[in-house]
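Peer 1: sequence unavailable; structure follows:
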Ligand SMILES: *[C@@H]1O[C@H](CO)[C@@H](O)[C@H](O)[C@H]1NC(C)=O
């Protein structure tokens, strides 16, 4: 009997370790991708609003979503032309999707006054909203910690955190008033919201802040089982988020000494697929990144002491030279 239990436990941990060392998402998400609700049935007939839909993860996500039957998609970002391009490409991916099933709704996230009218436009067009996927974000500065001016910290918190919190509050009020209907708030955070990435402030702290806001909200909503909160934490994904980032000295990040090698970067399409599966299964949090990011994140989360010791050594090889 004891041997059987020991065998089962050992088998369980071997499988977990296998997934951990091989999968591009966390174990729980991986299991749901394989055996959980499929994206097609969960999103059928739903109205899904995606901010930051003009490129990167947002674009990858809507291009997966358009394959779902009768789904209605709202594309938001600042740049109307880019949204029109994404819309056209979406309708090219699924030729039987109706042209009026994809709405282009451009607005600037930091223009707080535009949030309520934007929601009203969604409701007026599709009659309801089921899922908001908040993905709008900028990278901001990529610099030595002491070099960044405080104005850039404030500006990035405004865009990455406060604008998103404001829009989610408005949508949450709408969900709460829509009695009997399911509502889902999904927020694209980052692996950078799970451990302190060097040179990546204030981006890293904005993502920590998002986790704090939405973990609190999730716990506040525990009694209200019809409204869900999902935190999505991707690692590096192919996108142009770094294009406009500056270093502390005003140099373009892309050409700077901080620039990351493009190896081990996830495609936007794969990231979008994992995000949709996490939402379809109402997961509370989902991590996605190619190796070797996730084993480190497990360590950082479950063995913080050990992680601190390892990163003390590792960071010596990763950080650029002191001036
Ligand atoms: C495309 O859209 C139509 C209409 O919503 C839907 O019936 C179909 O399943 C979709 N999927 C693909 C892969 O074309």
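Peer 2: Received, thanks. Small disclaimer: the values here were computed from a predicted structure and weren't measured. Numbers count the residues shown, from 1 in each chain.
Peer 1: a helix runs through residue 137, doesn't it?
Peer 2: No. Applying DSSP: H, G, I helix; E, B strand; the rest coil, one finds residue 137 to be coil, outside a helix.
Peer 1: quick check: it touching residue 52?
Peer 2: Yes. If you go by CB atoms under 8 Å, residue 137 and residue 52 touch, sitting 6.4 Å apart. For the C-beta atoms, the positions are set from N, CA and C on the backbone; glycine is no exception.
Peer 1: got any residues that touch both of these two?
Peer 2: residue 188 (CB atoms under 8 Å, 6 or more residues apart in numbering).
Peer 1: residues in this structure within reach of the ligand, list them.
Peer 2: The chain has residues 67, 69-70, 94, 96-97 near the ligand, with proximity defined as CB under 6 Å from any ligand atom.
Peer 1: could I have the buried ones of the residues you listed as ChimeraX selection syntax?
Peer 2: Buried residues within these, by 16 or more other CB atoms under 10 Å, are selected in ChimeraX with:
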select :94,97
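Peer 1: could you dump the residues of the chain next to the ligand to CSV with secondary structure and pLDDT?
Peer 2: Output for the residues of the chain next to the ligand, formatted as CSV (DSSP: H, G, I helix; E, B strand; the rest coil; pLDDT from 0 to 100):
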residue, secondary structure, pLDDT
67, coil, 95
69, coil, 95
70, coil, 96
94, coil, 92
96, coil, 92
97, coil, 92
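Peer 1: burial count for residue 290?
Peer 2: Using other CB atoms under 10 Å, residue 290 has 18 neighbouring residues.
Peer 1: tell me who's in contact with residue 278.
Peer 2: 29, 32, 186, 230, 232, 286.
Peer 1: just put these in TSV and tack on pLDDT and neighbour count.
Peer 2: Formatted as TSV, the contacts of residue 278 follow (pLDDT from 0 to 100; neighbours: other CB atoms under 10 Å):
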residue	pLDDT	neighbour count
29	95	23
32	95	21
186	98	26
230	98	24
232	97	26
286	97	25
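Peer 1: in strands only, show me those residues.
Peer 2: Judged by DSSP state E, those include 186, 230, 232, 286 as members of strands.
Peer 1: and the second one, what does it touch?
Peer 2: Right, the one you point to is residue 230. Counting by CB under 8 Å, 6+ apart, residue 230 touches 184-187, 278-279, 282-286.
Peer 1: which stretches of the chain form helices?
Peer 2: All helices of the chain, identified by DSSP state H, fall at 2-20, 27-35, 39-43, 56-65, 80-93, 115-126, 150-157, 163-177, 203-220, 268-280, 293-302, 304-318.
Peer 1: most tightly packed of those?
Peer 2: helix 56-65 (a mean of 26; mean count of other CB atoms under 10 Å).
Peer 1: what angle separates that one from helix 80-93?
Peer 2: Angle, helix 56-65 to helix 80-93, by axes from the mean of the first three to the mean of the last three CA atoms, to 10 degrees: 30 degrees.
Peer 1: packing partners of helix 56-65?
Peer 2: Judged by 3 or more CB pairs under 8 Å, 6 or more residues apart in numbering; DSSP states H and E, helix 56-65 is in contact with helix 39-43, strand 47-51, strand 72-76, helix 80-93, helix 268-280.
Peer 1: strand partners (parallel or antiparallel) of the second one?
Peer 2: Strands flanking strand 47-51 in the sheet, each with its direction: strand 72-76 (parallel), strand 131-134 (parallel) (DSSP bridges).
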